[in-house]
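**Student:** have a look at this prediction, sequence included:
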Amino acid sequence: MYAEVALTQGNFTYLLNKEFEWVTPGIPVLVPFKNTIRMGFVVDLKSKTTLERVKPIKAVLYGEVILSNNMITLSLEMAKYYGVTQGVCIKHMMPPWVRNRLKNSKPLLCDNSVRDSIKRKKRKLHSELKDAISSHYFKTFLLFGKNRLDTYITSIEYTVAEGRSVIFLTPEIVHTPQSLEIMRENFGDGVVVMHSRLREREKGLIWEGIRRRRFNICFGSISAVFAPFPDLGLIIVDEEQSDAYKVGQRPWHNVRDVAVMRSMIDKIPCILGSATPSFESYNNSNCGKYRLIDTKREGNTISTKVVDMRDEKKFILSRYLVKTMRERFTRGEKVILFLPKKGYSRFCMCLDCGWIPYCPKCSVTLNYYRKKHMLRCHYCGYEKPAPDMCEKCRGIRFVYPGEGTERLEANLKSIFRDKRMIRMDTDILKTPGECKEAYRQFIEEGDILLGTQLVMKAPQLDSVTLVSIISCDALLSFPDFRTSERFFSQMLRAKAMIKAGEVVLQTYNPLNPIFGFIKDNDYPAFYSEEIGKRQDFGLPPYSHLIRILSYSMTRNKAKDLADKVAEGLKKKGYEIFGASPCPIEMIKGKWRYHILIKVNNPKVFFQSVNIPKGVSVEVDPQDML
């Protein structure tokens with residue numbers, strides 16, 4: 001007998017000696033590879049091979065199946081779609097602690113928690129979703145609207161009552177404590193949490209506990225999609241449009257798409273939930289590929305004010321916003337202000353000759369921090385003291401254009417001297433614990449919460465009646481075809497942060513049609529307006545994009561490799577853009593060139609081309625920089 005073994009380098013055939021003839025797919029083994037011994041997983045068995053010389057397996061690392069047949073199939077489907085080896089995908093399916101225990105032939109331990117066996121009263125559920133859960137068949141449901149939690153809870157109740165398990169995915173678990181609390185209130189000890197902030201040993205214990213049926217609900221983020229439930233009955237992906245589901249390393253997979261793949265393989269329903277679905281998911285529902293369930297939408301009590309900043313003398317806080325904030329403070333209410341940029345300003349510039357300091361390792365300007373009088377790169381972390389004299393003309397007059405959270409805080413302190421301000425950005429808050437403490441301070445004693453994306457994840461409070469986006473143009477000017485889609489989603493998220501009150505949007509382009517859709521909370525109309533543009537240019541969801549990135553310490557090497565790949569793709573007849581420098585041409589000392597390819601089916605693309613070594617390949621990229 002022969003075994004096909006998946007390594008990160010590829011799949012290879014090995015001989016099963018008599019002592020190992022009992023081995024089945026899903027068992028970890030040690031095999032010789034070139035001049036080393038590697039750990040891999042048996043993924044298939046063969047009775048014969050056409051190879052002349054076949055090396056034998058050296059050792060079996062664990063006496064039972066670690067990866068189920070369905071998980072092996074999932075790893076294969078991921079490998080085909082994302083253009084990587086099956087071994088790379090398998091590597092992502094288990095925590096490093098588990099892999100290390102297996103490699104060193106140590107026993108796998110598990111958490112001693114047990115399932116909560118309390119029987120629950122099942123509430124009313126959408127008939128087609130209920131049927132999919134009870135009949136165990138694959139169907140993807142797009143749950144559209146704000147009021148999703150009740151449907152989630154009821155779906156889990158029905159699944160658990162069937163004796164099956166559930167994976168509940170949320171993009172950033174540290175910012176969803178209320179959802180987790182509700183889950184535990186409803187399902188007690190049957191809920192286990194899995195996320196990247198756990199220690200490796202903790203993740204390993206939880207992983208093995210799930211595999212041994214110690215739990216029936218896994219609440220988590222990216223890695224939870226691979227929770228090894230042997231009796232999985234439902235996968236839920238909340239906020240399915242979130243970019244946080246896109247993994248930033250090989251195989252560069254989107255957790256939402258992997259969840260749908262796994263549901264299809266396991267023949268179970270998958271629920272994707274969002275008030276502002278991704279265009280891909282909403283298009284799938286319009287085409288009949290997904291089943292749309294539109295939750296009852298409540299009447300919108302949040303007014304939206306668009307402020308024309310062209311009429312303002314001060315470029316950070318409009319007169320209307322300042323007046324409205326004063327009214328709120330008079331009534332003892334709180335305010336949240338969102339600005340997407342950290343620091344005091346985006347760069348500093350010599351007034352005499354126009355010289356601007358750039359990062360020596362990245363092709364970006366250095367952000368200015370006034371409090372420390374420092375310049376810092378937000379890509380590689382390089383920093384140095386801000387200049388007092390121009391390096392080019394020796395002038396001493398500098399300006400600091402562009403607003404950041406540090407400058408916003410300084411402006412607010414000059415206007416609202418007696419108000420308690422809580423600033424939230426990753427310059428001052430490094431851990432989830434620090435974020436949690438900042439939220440607590442704002443809830444208990446703060447008047448103004450200001451910052452970057454972190455403030456958009458603040459819990460909903462009755463006392464917060466005003467939210468303002470300080471610079472909508474900074475968000476809308478991003479060079480990406482998904483910019484308006486992301487902006488619309490963020491603005492509706494801002495409106496969902498308050499139960500009653502007002503959202504103020506500051507912009508220099510108030511005639512942009514997107515503001516009308518935001519005022520009306522009208523996602524279908526916004527989608528209809530934007531989707532035509534995507535169709536005209538053949539952009540997702542009407543195609544798939546594949547990005548090939550070439551990078552090197554020398555510019556010519558990166559460019560030559562990208563040109564070589566582009567030439568080969570042109571000969572194959574593919575529609576490509578590039579090779580061209582990336583918008584940010586150098587990051588961390590490496591020059592970067594990229595190629596964008598439009599394809600109908602990534603699997604077919606990878607079957608027809610050979611991508612050379614030295615480049616990275618990403619399917620459905622979310623970041624084009």
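**Tutor:** Received it, and whenever you're ready, just let me know what you need. Numbering: from 1, shown residues only.

**Student:** going forward, measure contacts between C-alpha atoms and count neighbours the same way
**Tutor:** Fine.

**Student:** how about the secondary structure of the spatially most central residue of the chain?
**Tutor:** The chain has Ala244 as the residue nearest its centroid, 1.4 Å off, counting by Cα atoms, centre = their mean. For Ala244, the reduced secondary structure class is helix; criterion used: DSSP: H, G, I helix; E, B strand; the rest coil.

**Student:** also Val306?
**Tutor:** Looking at Val306 with three-state DSSP, the answer is strand.

**Student:** list the contacts of it.
**Tutor:** Taking Cα atoms under 8 Å, 6 or more residues apart in numbering as the criterion, Val306 is in contact with 504-507, 510, 515.

**Student:** just to revisit the earlier point, contacting residues around the residue nearest to the centre of the chain?
**Tutor:** When contacts are counted by Cα under 8 Å, 6+ apart, Ala244 touches 171-172.

**Student:** pull the number of nearby residues for Glu181.
**Tutor:** For Glu181, the count of nearby residues is 12 (other Cα atoms under 10 Å).

**Student:** per-residue pLDDT of it, please?
**Tutor:** In the prediction, the pLDDT value recorded for Glu181 is 79.

**Student:** give the next helix or strand downstream of the helix or strand hosting it.
**Tutor:** The secondary structure element spanning Glu181 is helix 177-187 (assigned by DSSP states H and E). Using DSSP H and E, the helix or strand that follows helix 177-187 towards the C-terminus is strand 191-194.

**Student:** other SSEs contacting the helix or strand just after that next one?
**Tutor:** Per DSSP H and E, the first helix or strand lying C-terminal to strand 191-194 is helix 200-211. For helix 200-211, the elements it packs on are helix 96-103, strand 191-194, judged by 3 or more Cα pairs under 8 Å, 6 or more residues apart in numbering; DSSP states H and E.

**Student:** single out the most deeply packed of these.
**Tutor:** strand 191-194 (a mean of 22; mean count of other Cα atoms under 10 Å).

**Student:** so what are the sheet partners of it and their directions?
**Tutor:** Next to strand 191-194 in the sheet, as set by DSSP bridges, lie strand 217-220 (parallel).

**Student:** contacts for the partner strand?
**Tutor:** With Cα under 8 Å, 6+ apart as the contact definition, strand 217-220 has outside contacts at 165-170, 173, 180, 190-195, 224, 227.

**Student:** one more: stretch 457-466?
**Tutor:** Counting by Cα under 8 Å, 6+ apart, the neighbours of stretch 457-466 from elsewhere in the structure are 175, 325, 328, 332-336, 439, 443, 496-504.

**Student:** quick check: mean pLDDT across it?
**Tutor:** When pLDDT is averaged along stretch 457-466, the result is 85.

**Student:** give me the buried positions along it.
**Tutor:** For stretch 457-466, a neighbour-count test (16 or more other Cα atoms under 10 Å) marks 458-459, 463-466 as buried.

**Student:** stretch 306-319 too?
**Tutor:** Per 16+ other Cα under 10 Å, stretch 306-319 contains these buried residues: 306-309, 316-318.

**Student:** now, the most widely separated pair of those residues?
**Tutor:** Across the buried residues of stretch 306-319, the two members that end up farthest from each other (Cα to Cα) are Val306 and Ile316, 14.4 Å apart.

**Student:** can you tell me the helix or strand for the residue lying closest to Glu77 once chain neighbours are set aside?
**Tutor:** Of all residues beyond its chain neighbours, the one nearest Glu77 is Met261 (7.8 Å), with distances taken as Cα to Cα, 6 or more residues apart in numbering. For Met261, the enclosing helix or strand under DSSP H and E is helix 255-266.

**Student:** what packs against the helix or strand following that helix?
**Tutor:** Elements were assigned by DSSP H and E; along the chain past helix 255-266, the next helix or strand is strand 269-274. Contact analysis of strand 269-274 by 3+ Cα pairs under 8 Å, 6+ apart lists helix 127-135, strand 139-144, strand 232-238, helix 255-266 as its packing neighbours.

**Student:** packing partners for the longest one?
**Tutor:** With contacts defined as 3+ Cα pairs under 8 Å, 6+ apart, the secondary structure elements packing on helix 255-266 are helix 69-82, strand 139-144, strand 232-238, strand 269-274.

**Student:** and of these, who's closest to His253?
**Tutor:** For the helices and strands packed on helix 255-266, the distance to His253 is smallest for helix 69-82, at 7.1 Å, taking Cα to Cα.

**Student:** tell me the mean pLDDT for that closest one?
**Tutor:** Along helix 69-82, the predicted local confidence has a mean pLDDT of 96.

**Student:** can you check stretch 347-361 too?
**Tutor:** This predicted structure assigns stretch 347-361 an average pLDDT of 94.

**Student:** CA atoms only for that stretch, dumped as PDB, please.
**Tutor:** These are the backbone C-alpha positions of stretch 347-361, laid out as PDB (Å, rounded to 0.1, in the frame of the first residue of the first chain):
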ATOM      1  CA  PHE A 347       3.700  64.800   7.200                       C
ATOM      2  CA  CYS A 348       5.800  67.900   7.800                       C
ATOM      3  CA  MET A 349       7.000  70.200   5.000                       C
ATOM      4  CA  CYS A 350       9.600  72.900   4.700                       C
ATOM      5  CA  LEU A 351       7.900  76.200   3.800                       C
ATOM      6  CA  ASP A 352      10.900  77.600   2.000                       C
ATOM      7  CA  CYS A 353      11.700  74.700  -0.500                       C
ATOM      8  CA  GLY A 354       8.900  72.200  -0.100                       C
ATOM      9  CA  TRP A 355      11.100  69.400   1.200                       C
ATOM     10  CA  ILE A 356       9.200  66.500   2.900                       C
ATOM     11  CA  PRO A 357      10.800  63.700   5.000                       C
ATOM     12  CA  TYR A 358      10.100  60.200   3.700                       C
ATOM     13  CA  CYS A 359      10.600  56.900   5.400                       C
ATOM     14  CA  PRO A 360      14.000  55.400   4.300                       C
ATOM     15  CA  LYS A 361      12.500  51.900   4.200                       C
END
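
**Student:** how far does it sit from its chain's centre?
**Tutor:** Distance of stretch 347-361 from its chain centroid, counting by Cα atoms, centre = their mean, to the nearest Å, is 34 Å.

**Student:** list the buried residues for that stretch?
**Tutor:** 347-350, 355-359, 361.

**Student:** in this protein, where is pLDDT below threshold?
**Tutor:** 109-122, 174-178, 296-301, 315 (pLDDT under 70).

**Student:** packing partners for the longest strand along the chain?
**Tutor:** Among the elements of the chain assigned as strand by DSSP state E, the one spanning the most residues is strand 575-587. Using 3+ Cα pairs under 8 Å, 6+ apart as the contact definition, the elements that strand 575-587 packs against are helix 555-571, strand 590-599.

**Student:** Ile236: what's it in contact with?
**Tutor:** By Cα under 8 Å, 6+ apart, the contact list for Ile236 reads 152, 166-169, 270-273.

**Student:** for those residues, work out which two are farthest apart.
**Tutor:** Across the contacts of Ile236, the longest distance by Cα to Cα is 15.1 Å; it joins Val166 and Gly273.

**Student:** and those two? Which one has more around it.
**Tutor:** Neighbours per residue, other Cα under 10 Å: of Val166 and Gly273, the larger number sits with Gly273, 27 against 24.

**Student:** my read is that the more buried one contacts Glu240, right?
**Tutor:** Yes - A contact is recorded between Gly273 and Glu240 when judged using Cα atoms under 8 Å, the distance being 5.8 Å.

**Student:** please save the CA atoms from stretch 148-167 in PDB.
**Tutor:** Once non-C-alpha atoms are left out, stretch 148-167 reads as follows in PDB (Å, rounded to 0.1, in the frame of the first residue of the first chain):
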ATOM      1  CA  ARG A 148     -30.000  39.300  13.600                       C
ATOM      2  CA  LEU A 149     -29.200  38.000  17.100                       C
ATOM      3  CA  ASP A 150     -32.600  36.400  17.800                       C
ATOM      4  CA  THR A 151     -32.400  34.400  14.500                       C
ATOM      5  CA  TYR A 152     -28.800  33.300  15.500                       C
ATOM      6  CA  ILE A 153     -29.900  32.200  18.900                       C
ATOM      7  CA  THR A 154     -32.900  30.300  17.700                       C
ATOM      8  CA  SER A 155     -30.900  28.600  14.900                       C
ATOM      9  CA  ILE A 156     -28.400  27.400  17.500                       C
ATOM     10  CA  GLU A 157     -31.200  26.100  19.700                       C
ATOM     11  CA  TYR A 158     -32.600  24.000  16.900                       C
ATOM     12  CA  THR A 159     -29.100  22.700  15.900                       C
ATOM     13  CA  VAL A 160     -28.100  21.800  19.500                       C
ATOM     14  CA  ALA A 161     -31.500  20.100  19.900                       C
ATOM     15  CA  GLU A 162     -30.600  17.900  16.900                       C
ATOM     16  CA  GLY A 163     -27.400  16.800  18.800                       C
ATOM     17  CA  ARG A 164     -25.100  18.700  16.600                       C
ATOM     18  CA  SER A 165     -22.600  21.500  17.000                       C
ATOM     19  CA  VAL A 166     -22.300  25.100  15.900                       C
ATOM     20  CA  ILE A 167     -19.500  27.500  14.800                       C
END
